[in-house]
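Colleague: quick check, what structure comes out for this input:
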Amino acid sequence: MTTKEQLLALSKFGTATIHEALGKTGALPYEIKGLNPSMRICGPAYPIECAAYSNVNLHRAYAYAPRGSVLVAECSGAYDAGYWGDLLTTGAMKQGMAGLVINACVRDADEIENLGFPVFCRGLCIKGTGKDPRGVLNEAIKIGDVIIEPGDIVVGDRDGIVIVPKGRVEEAIEFSKKREEKEANTRARILKGETSLQIYGWDKEFGY
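Modeller: I've put the predicted structure just below:
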């Protein structure tokens with residue numbers, strides 16, 4: 001089980017850093033972004049699959065998921081509806097959810113932002129949804145080419161969302177630290193006057 005200390009350590013890295021540190025894996029589709037660019041998220045995934053144009057499993061999820069969970073929802077490829085709004089946000093916050101990542105749209109954007117609940121989605125849509133109960137709760141789902149298992153760690157910032165497999169958390173922390181150290185060194189060299197072409201040797205390799 002991922003510890004609070006590990007979550008805190010992961011939350012300090014950018015999603016791009018973690019993605020690169022894990023061998024360029026775990027990135028969800030680029031269309032999924034924070035409802036507000038300042039939103040950040042880091043917590044264990046509670047995966048959900050909803051039937052197309054139905055949000056009843058989101059109502060079930062926030063009621064059943066452990067406190068601190070990030071709800072991660074696939075909506076059967078039906079993006080153009082407002083699956084989540086202010087009432088679900090209020091309920092999720094009351095039950096201690098850490099945020100929502102949804103491969104579809106939401107609505108009531110102003111209210112969600114005012115409540116301060118992290119929501120990462122494809123966009124906004126005012127269309128309502130039905131109550132088809134098909135789908136899954138707390139089982140593996142797939143968004144894009146990434147499989148999300150219960151307990152995998154979800155990290156989100158302005159750049160997007162990356163999924164860290166629960167068995168690779170310590171690796172992600174270690175490799176992200178090394179990557180940041182390497183980039184800090186490169187940045188220092190650039191500030192001293194070297195170009196990135198020189199630092200990486202591309203001027204000689206490619207004749208630039």
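
Colleague: would you mind listing the buried residues in the helix or strand that V72 is a member of?
Modeller: Assigned by DSSP states H and E, V72 belongs to strand 70-74. Of the residues in strand 70-74, V70, L71, V72, A73, E74 count as buried by neighbour count, 16 or more other C-beta atoms under 10 Å. Yep, even glycine has a C-beta here, placed from its N, CA and C like the rest.

Colleague: and stretch 23-31, by the same measure?
Modeller: For stretch 23-31, by 16+ other C-beta under 10 Å, it's T25, G26, A27, L28.

Colleague: go ahead and confirm the second one touches T17.
Modeller: No: G26 is not in contact with T17 according to C-beta atoms under 8 Å; the separation is 11.8 Å.

Colleague: contacting residues for P47?
Modeller: V72, A73, E74, V136, N138, E139, A140, I141, I148, E149, P150 (C-beta atoms under 8 Å, 6 or more residues apart in numbering).

Colleague: surely the first one is in contact with V154?
Modeller: Yes: with contact taken as C-beta under 8 Å, V72 and V154 are classed as touching, separated by 6.1 Å.

Colleague: now do the shared contacts for those two.
Modeller: In contact with both V72 and V154: A45, V101, I148, using C-beta under 8 Å, 6+ apart.

Colleague: quick one: secondary structure of the second one?
Modeller: Following DSSP: H, G, I helix; E, B strand; the rest coil, we place V101 in the strand state.

Colleague: give me the helices and strands touching the longest helix anywhere in the chain, please.
Modeller: If you go by DSSP state H, the chain has its longest helix at helix 169-191. Helices and strands touching helix 169-191, as assessed by 3 or more C-beta pairs under 8 Å, 6 or more residues apart in numbering; DSSP states H and E, comprise helix 4-11, helix 15-21, helix 196-200.

Colleague: which of those is buried the deepest?
Modeller: Of those, the one with the most neighbours on average (mean count of other C-beta atoms under 10 Å) is helix 15-21, at a mean of 21.

Colleague: and the following helix or strand past it, what's its mean pLDDT?
Modeller: Sequence-wise, the next helix or strand downstream of helix 15-21 (DSSP H and E) is strand 33-34. Taken as a whole, strand 33-34 has an average pLDDT of 98.

Colleague: now what about strand 33-34, what contacts it?
Modeller: R40, P118, V119, F120, C121, G156, D157, R158, G160.

Colleague: buried subset of those?
Modeller: The buried subset of those - by 16+ other C-beta under 10 Å - is P118, V119, F120, C121, G156, D157, G160.

Colleague: from the residues you listed, which two are the most distant?
Modeller: C121 and D157 (14.6 Å; C-beta to C-beta).
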